[in-house]
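**Q** Provide a 3D model corresponding to the input given below.
(2 chains)
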Amino acid sequence: MFNNQYKKILLIACLLASGCTKFVAVDEPIDTITAEAAFDTETKAASVVRGLYNNMVKTTNYAFGAAVSIGPGASADELIVSSATSAYADLYNNNINSSNTAITGYYWGAFYNLIYVANQVIENVPKSTGISAEAKIQFLAEARFIRAVNYFYLINLYGDVPLIVSTDYVTNNKIPRTPMAQVYKQIEEDLQYAHTNLGESYIGTQRIRANRFAAAAFLARVYLYQKNWTDAALMATEVIEAQSGGTPLYHLETALNNVFLLTSKEVILQLMNPGTTVSTWDGAAFVPGTATTVPNYQITPGLYSAFPAGDLRLANWIKSVNITTAGVTTTYSYPYKYKVISGTSTVKTEALVFLRLAEMYLIRAEARAENSDLGNAIKDLDAIRSRAGLLTPTDPAITQSDLLDAIARERRLEMFAELGHRWLDLKRTDKANIILKDKPNWTTYDQLYPIPFADRQANPLIKQNDGYDL
Amino acid sequence: MGQHLPANARQGGITLDLRNTAITKVFSAIEKQSGYGFIYNEGAVRAITVDIQVKNAPLATVMETILNNQPFSYYISGKNIVITPRRNNSNIPQADSLIDISGIVMSAEGGALAGASIKVKNSKLATNTNSNGIFTLSGVPHNAILTVTFLGFAEQQRKVSDKMLIRLQPVTSELKSVTINKGYYTEQRQLSTGAVSSISAREIGKQPVGNVMQALEGRIPGMVVSQTSGVPGARLNIQVRGRANFDRDITSDQALIIVDGVPMASGNDRVNNIIGPFGVATGEGLSALAGINTADVESIDVLKDADATAIYGSRGANGVVLITTKKGKAGQMKIDANVYSGISRVTRMTTMLNTEQYLAMRNEAFTNDNITKTNANAADLLLFDQTRYTNFGKLFAGDAAAATDAQVNVSGGNVATQYRMGAGYHKEGTVWPGNFSSDRLSLNFNTYTTSANKKFSAGLSGMYSISKSDLLAVDLASAILLPPNFQIYDAAGNLAWNEGGYNTGRDNPMSQLKQKYLANMNNLNVNLQLNYNILNGLVLRSSIGYNYTATDDKRMTPMSAQNPAKSALAGFATFGSGNFKTWIIEPQAEYTRQIWKGKFTALAGATFNKTEKIRLTVTGNGYSNDDLINSLTGAATFSGTNTFEQYNYQAFFGRLNYNVANKYIVNFTGRRDGSSRFGPEYRFSNFGAIGAAWLFSNEKWAENISFLSYGKLRGSYGVTGNDQIGEYMYLDTWGAGTSYGDSTTLLPTKLFNPNLHWEKSKKKEIALELGFFKDRLMLTTSFYHNLSSEPLVKYPLTGATGFSTILSNLAGVEVVNRGWEITLTSRNIDGKLKWTTDFNITIPTNYLKKYPNLATSSYAAKYSIGRSLNQLMGMQFLGVDPTTGLYTAKDQNHDGAGGAPDFVPSRNTDPRYYGGINNIFSYKGFDLSFFFQFTKQLGTSWKGNNLYNPPGMAYNVPVMALNRWQKPGDVTDVQKFTTLSGQITGLQGFYAFRFSDGILTDASFLRLKNVNLSYNLPASWLNTVHVHSCRLYMSAQNLFVITPYKGGDPEIQNYTRMAPLRTITGGLQISL
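**A** Below is the predicted model:
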């Protein structure tokens, strides 16, 4: 009898114990979902992939939200930073410490955050049972494209960086810097996967998600940076000759003021700004709010005077204002590729141009020149020059080295204040030390940004770049 | 003995025919027929059997027949027949004759006292009363003296008689006899093994406060209650025994708040959904506690040490505040009405520069800086009227705020059922210009009933309140910084804007009067208590409760409240609604029995608690019509958010208490806890504590120490936890991002850590409680030591992982809060004139004990080992340089620049000590009390209140700034007037001051917190008009403060914020 009683008590205790673990389970929050749920249907996984693009420009001073155009522009010889307290001012002055918010938050943290989400997609999409096989490949290709893009900027700003291809933060917090060559290998693999697996047409009506040619275009750039001239030219050609329904998919916009519009046919990939007010963070950063405001970022006199007479880019892509302070009038010039700061209309006309055809012509020109195909190189170069109103053809007798200089000069004028092209070009062509030597505090070490202090505290295996103390 | 049948004894006789029957059965039979009850010592008569045959016989005959030849006689007492041992025939009791006695022990109010101790003097005979207060003793010398004692009541000595009714008077020393509430059980203070401080309705009632927690300020040792703002309804910080939470952004340091057994759904969190005038920082907002009617609170108990808090498991690490509402008392129906009204004004308004002084300051600054004045930098000098003067402090916070409070309550009942019900209304105005106020209408009810056999009882208590805030969107006090010649109204009396045609970017503060903030809050708290005495000593109980707070608020910014020069001028409005609800069921069983020489109590129970929080906010933009601003329909565009949070909590708890002769007491409490705030692997954990007490004054040897009337040594040790990290922190969460193109996006919001678990707190306490001179002087000294470990922090990761932090329990980190708490109560004069003094003081210490690799952590610039978590990290202030006239800070690393690299650990803002002293005088019907609150602390100086602007900019400053540096050689503490803040990393200038320990100044204070004078009209006057009692009173809150602090109030430490108000009220309380 006693035994029976004990059994009953035991039974009740078990019931209570099992009931209680259930009791403390909670309904999930309504405004967030779990990672598992984020990938359980194709629709939601597509939202995650769109989030990748969105996040690249999610706010100003973050990754491609103006930060990549301003900071490297200030590091190079393109932009002057007006505000002495801005994090970009240290970049302009080559007075960067490892806690500078630009090099910690705008680039390093932002790029790696984007890489983390891409890694989430790459890890979770194959496991999902709710996504069709074709969509899986599409999502993986886009995620790998975005991962490659972010690694490209990371290594070009910081040198060797930890190569992280999973989401396990415990392991990832202990990874040291990986040699650049190895990171480039990963970038190439990712872009090749994207190139193979993405379709030729764009998803949706706008060019705001990567297609096969976006991958090709970025591959062309990556090959160029690695001095793989043949493949660079090959990829650039693929983009330049891309067809859609028998007509060229891309062509140089004849009117310069149409290049950066949402309707631009020169665009290979654009990033659409989130929200309804700001069109592009670049536009919001460069164009002053009122006629009497000193521009935050001014075109350097060197760049301004580099435009030859008759260059339409000076008139169309740069704007000058006269501002009188305490009786003294000063002229300031600022980048005016994007013209809209914010619109009252909900219809946007501009979006950040991430890849455009002009760069492909310049890549092919450079690759062909390096491969001693000067004639074709001149054609590509003159395509860009003539569009800018420089109608005098390049002298066919030009030497290879003069042609390369001419192409570099053209890159400077065509791509100024756009996603850090000038800074990256100076470094990859070993010209930074020569051209920037008169910048304030310049040393050769300034070619690489320092690794953020906090990151080295959290992971001491990450060593600092030369020339920086902490 | 005993023919004492009264004349009116029942007519008609008794018929019995019983043979060889137990006498008790015979008694029962007589009870049925006669209507009389029998009282007898069952043990003494059990063996007796009788034969009886009577027919229609009188009761007296029947009794004589039965008791014939038995050693008993009887007598009649009321409706009872009492059987007593038969005395000797001689009728003269002999000294050595023994008798059996029985009796009942009751309180003066009539309740039976169970467990009272009965001792026969000079004998070993002793017993206790049973659950109905009845005792029996056999073989007691007939002339013996009984000593009757019961905790909390005065000892009584009585000569024995066979049937006794003993009424005990409660002792006057409330301190040790008062019943304290420990949530799941109550005990007498002197038997308590834990640290609990309480405040009763008497002290609460003296203070005309809107939020009941304000009544605790300075009165509870070890507890800091501080106001975040003087705006009515604003939240108070409630911190028990220091700050244990390491990371303020993640975990809360606020005590757990329980009202009548039900945890408040919103706790001490803000319940407003949109930003109101209460402030925008973490910890500022409207509090649900403001919905509790102060007058309905019977007591507030604050549980502090492990012994008291461990039974709250993972929720008790920050202390527990138990709010208990008033209950009805048996007796005639009593109607109690109480009305007071009064006014409040801002105390210590800071004197700012007048226009002449201000303009002189500005001109001096421009001269010092050698800067040309332009419209942009000197509109106040170039464009504003140079003679206009407005005292903005007086304009914006100079009004008298009216306060009104009215209460009516009905209570009463009989021994079986008691009730209390009533309503209250409280209204507070504001000191702002215009007609703004907060009010609260509340209803309360309490019933308690017991079954006839006293086995079953049930109680229901409930409160419902409706609070309304009709306020400004922004506290106007900050407008005191405007230049004193700023234009408020134009010549036509309309709001003025942009004087001189230039928009300085500073809005006319009077436009705020058109920006309203309206909030409604409904609060419901109900609790049902069921009790069932299943067996002797075993009680089953269940508590079922529900707490609900609903808020809706809105904030409107019409076009008329905005600068007309603004581009794209349009109105906007935000609407919010919030629902916070919790239900709790707590079945419990309690078992009490005598084991060996002591009383053993065991309590076992379970808690099931579910909490939900739902919020919704919608903002409408682009209103082109001010008249439609109250409605969403007038808006051009909308945006909104909504959230849902659920918290489930479940636990099994137990308590074992063993009390030997009220001398040695041990108390074990424990809890097994499950909380949904952690990942599935970590939801359950165990907490427990042991407390022990030794009442050495009850030892034999102590009886010889004549002056010592009470002495107790107690200690406790245990572990509690903190799960206040918010919901879903362990979950891998993805949220919606903004649309990309026109399609939705999803983004991970954080890295997730499924291994989150409780912050642990190990608490130790030792205390000595002493009473001298019959408890006229009571002294309690306690020392506590709380060690918090495994704090939840945002652990830094390299950004390469995707995020730079992960929420994690940080192993190896330990924070210590320790301190002394001393309370002293003295009845200085105890005659016709009574004078009592209560004093309490707390000397706390907070420090970080351990943090492995602190220097390389993200907290390196915030905390240091061995120092308070509230330390200031900053540069070392060197004063004003007599040569340059600028604030100067020390260049620790000699790099020629200031800023973070030069930061060193500095002093902290923890109070050195704090407490209060209360004096109460009573004479005849008069009662006078005054309560001082004191704190020794450092705080932010007035010079640091305007964080970004040195004196000389276009902001008004307190007159103390006139003491500035003027020429080389001047030695002073205010830098020269300048419009330049200097380099953010400068070693000289305003930033050098702002980032240094120079902002700290002595903010100690002694505040006359409360004065209360009341007069009870003499009973003799009242009887004639059938009034039970009538009391007239006057009360004053925050009457004055003595402080070295300059510029504003030492508690708020900011002259741009509304200071605590001085409130003076008068009232009348009448009981019918």
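
**Q** and the next element down the chain from the worst-scoring helix or strand of chain B on mean pLDDT?
**A** Taking mean pLDDT, DSSP states H and E as the measure, the helix or strand of chain B with the lowest value is helix B:174-177, at a mean of 63. Following helix B:174-177 in sequence order, the next helix or strand is strand B:179-181 (DSSP states H and E).

**Q** Which residue is it, in the stretch 51-200 of chain A, that comes closest to chain B?
**A** Closest residue of the stretch 51-200 of chain A to chain B, C-beta to the nearest C-beta: residue A:116 (2.5 Å). Every C-beta, even on glycine, is put in place using the N, C-alpha and C of the backbone.

**Q** thought that residue was touching residue A:165?
**A** No. Between residue A:116 and residue A:165 there is no contact under C-beta atoms under 8 Å: 10.5 Å.

**Q** Enumerate the residues of the stretch 101-250 of chain A near chain B.
**A** Taking C-beta under 8 Å from any C-beta of the partner chain as the contact definition, the stretch 101-250 of chain A meets chain B at A:104, A:108-109, A:112-113, A:115-117, A:119-120, A:161-162, A:164, A:167, A:169, A:172-173, A:175, A:204, A:206, A:208.

**Q** still on that earlier bit, show me which of residue A:116 and residue A:165 is the more surrounded one.
**A** Using other C-beta atoms under 10 Å in any protein chain shown as the criterion, residue A:116 and residue A:165 rank with residue A:116 on top: 23 against 16.

**Q** Correct me if wrong: residue B:48 contacts residue B:21.
**A** No. Using C-beta under 8 Å, residue B:48 makes no contact with residue B:21, being 10.0 Å away.

**Q** so the nearest residue to residue B:771 once chain neighbours are set aside, which of the three states?
**A** Using C-beta to C-beta, 6 or more residues apart in numbering or on different chains and skipping the chain neighbours, the partner closest in space to residue B:771 is residue B:710 (2.9 Å). At residue B:710, secondary structure determined by DSSP: H, G, I helix; E, B strand; the rest coil is strand.

**Q** what's near enough to touch residue B:710?
**A** Shown in contact with residue B:710 (C-beta atoms under 8 Å, 6 or more residues apart in numbering or on different chains): B:173, B:176, B:190, B:695, B:697, B:769, B:770, B:771, B:775, B:778.

**Q** Now for the closest residue to the fifth one other than its chain neighbours: which residues touch it?
**A** What it means is residue B:697. Distances taken as C-beta to C-beta, 6+ apart place residue B:711 nearest to residue B:697, at 3.8 Å, with adjacent residues excluded. Under the criterion of C-beta under 8 Å, 6+ apart, the neighbours of residue B:711 are B:695, B:696, B:697, B:702, B:768, B:769, B:770, B:771.

**Q** looking at the contacts of residue B:710, which has the most residues close by?
**A** residue B:190 (25 neighbours).

**Q** Phi and psi next, for it.
**A** For residue B:190, the backbone dihedrals are phi -70, psi -10 (criterion: degrees, to the nearest 10).

**Q** what's in contact with stretch B:509-520?
**A** For stretch B:509-520, the external contacting residues (C-beta under 8 Å, 6+ apart) are B:233, B:272, B:276-277, B:286, B:392, B:396, B:432-434, B:466-474, B:476, B:479, B:482, B:488-489, B:495, B:551-558, B:560-563.

**Q** Show me how to select, in PyMOL, the buried members of these.
**A** To isolate the buried members of those in PyMOL, using 16 or more other C-beta atoms under 10 Å in any protein chain shown:
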select buried, chain B and resi 233+272+276+277+286+392+396+432+433+467+468+469+471+472+473+474+476+479+482+488+495+551+552+553+554+555+556+557+558+561+562+563
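
**Q** Which ones among the contacts of stretch B:509-520 map onto strands?
**A** With DSSP state E as the criterion, strands contain B:466-472, B:551-557 from among the contacts of stretch B:509-520.

**Q** got CSV for the residues you listed, with distance to residue B:813 and pLDDT too?
**A** Listed next are these as CSV, based on distance: C-beta to C-beta, whole Å; pLDDT from 0 to 100:
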residue, distance to residue B:813, pLDDT
B:466, 45, 96
B:467, 40, 95
B:468, 45, 95
B:469, 40, 93
B:470, 46, 93
B:471, 41, 92
B:472, 43, 88
B:551, 36, 95
B:552, 41, 94
B:553, 39, 93
B:554, 43, 94
B:555, 40, 93
B:556, 46, 92
B:557, 45, 92
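
**Q** so where do the helices sit in chain B?
**A** Along chain B, counting by DSSP state H, helices occupy B:23-34, B:42-45, B:59-67, B:174-177, B:201-205, B:306-309, B:355-369, B:375-382, B:392-397, B:990-994, B:1019-1023.

**Q** Out of those helices, which is closest to chain A?
**A** Nearest of the helices of chain B (C-beta to the nearest C-beta): helix B:375-382, 9.5 Å.

**Q** Tell me, what's the model's pLDDT at residue 18?
**A** Using chain A. Residue A:18 is assigned 47 on the pLDDT scale.

**Q** actually it's chain B I care about, not the one you picked
**A** With respect to pLDDT, residue B:18 scores 81.

**Q** Burial check on residue 374, number of neighbours?
**A** The chain I'm using is chain A. So residue A:374, with other C-beta under 10 Å, has 21 neighbours.

**Q** Sorry, I should have been clearer: chain B.
**A** Counted with other C-beta under 10 Å, residue B:374 comes out at 12.

**Q** coming back round to it: what do residue B:48 and residue B:21 both touch?
**A** Overlap of the contact sets of residue B:48 and residue B:21 (by C-beta under 8 Å, 6+ apart) is empty.

**Q** Appreciated, that's everything.
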